[in-house]
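1. need coordinates for the following:
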Amino acid sequence: MSQAQLHIESIGPESAPEIVMLHGWGMNSAVFTPLHLSLSEYRVHYVDLPGFGHSSAIEGDIDDWLGVLISQLPDKAIWVGWSLGGLLATLAALNYPDRIRGLVTIASSPCFMAREEEKWPGISPQVLSQFSESLHKDLGKTIERFLAIQAMGSPTAKEDIKQLRNLVLARPLPDSRALYQGLTMLECVDLRPRLNQIDLPWLRIWGRLDGLVPRRVPPLMPVNDPLYQDVILAKASHAPFFSHTDEFLTGFLSWIEEISN
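-> I've put the predicted structure just below:
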């Protein structure tokens, strides 16, 4: 495994409870900028995933990405992952449970690809193959198109897309290898058979209007009361922390406070 130097922006008091924030495919950690002030009492590590933002790309698959993350992030942090970042955070909770204090997944599925034979809802294979093909032609346009999908269904979609674009594109465009690696993860990784092994507090936040993680996914997730909790934001899409920040923070902060005490 080649070692990447990750770009990690650590903000907040060093003695405070620690939180790791992982972004989604095609993005970088600048998407979490609207949360900085509200999370200022915690020690938050905003991570650019390998090949995204200011982080260098590495060879390998999701296990290699996770290995790099684990090697450069503190122990006993709460891992928060949005979309593809949620897949990584979930795998971290499964593979390194002693090093993680809690898990939060935001608009994230344990299996993003639709599996029709199993009646599992998700992204259609055609959509992923279109993204893969369009990466060859125009990287910038592909990212912009994906940005538009993030807000699809949200009542403030136009405004959300504009803000997302301004934040994400202020950093370098992703490395094309990292984009292909991420697409492969979205297509092939299936953590469903292992989810019941998660023995950590787990908060799952969903947007009911999400175009990438359908509303039929949450009812199919494992139940382990009170360890696993679900929050569904009725008017949010795939980026609920961005489009419905106040509603998102209400559920998120009360849960963080609960498990930090």
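
2. quick check: bridge partners of the residue nearest the centre of the chain?
-> Taking C-alpha atoms, centre = their mean, the centroid of the chain lies closest to Trp82, which sits 1.9 Å from it. Per DSSP bridges, the residues bridged to Trp82 are Ile106.

3. what's near enough to touch it?
-> Going by C-beta atoms under 8 Å, 6 or more residues apart in numbering, Trp82 touches Met21, Leu22, His23, Gly24, Val31, Thr105, Ile106, Ala107, Ser108, Ala239, Phe241. Any C-beta I mention is one placed from the backbone N, CA and C, and that applies to glycine too.

4. what's the closest of those to Thr250?
-> Relative to Thr250, the closest of the contacts of Trp82 is Phe241; by C-beta to C-beta it sits at 11.6 Å.

5. quick check: nearest residue in space to that closest one, chain neighbours excluded?
-> Phe248 (4.6 Å; C-beta to C-beta, 6 or more residues apart in numbering).

6. equivalent analysis for Gly51, please.
-> Per C-beta to C-beta, 6+ apart, closest to Gly51 is Ala178, 2.3 Å.

7. name the element the one you found belongs to?
-> helix 176-188 (DSSP states H and E).

8. now do that helix, average pLDDT.
-> Averaged across helix 176-188, the pLDDT comes to 93.

9. try stretch 6-15
-> The model assigns stretch 6-15 a mean pLDDT of 96.

10. span of that stretch from start to end?
-> 22 Å (C-alpha to C-alpha, to the nearest Å).

11. equivalent analysis for stretch 47-62, please.
-> 16 Å.

12. chain center to it, what's the gap?
-> Here the centre of stretch 47-62 is set off from its chain's centre by 14 Å, with C-alpha atoms, centre = their mean, to the nearest Å.
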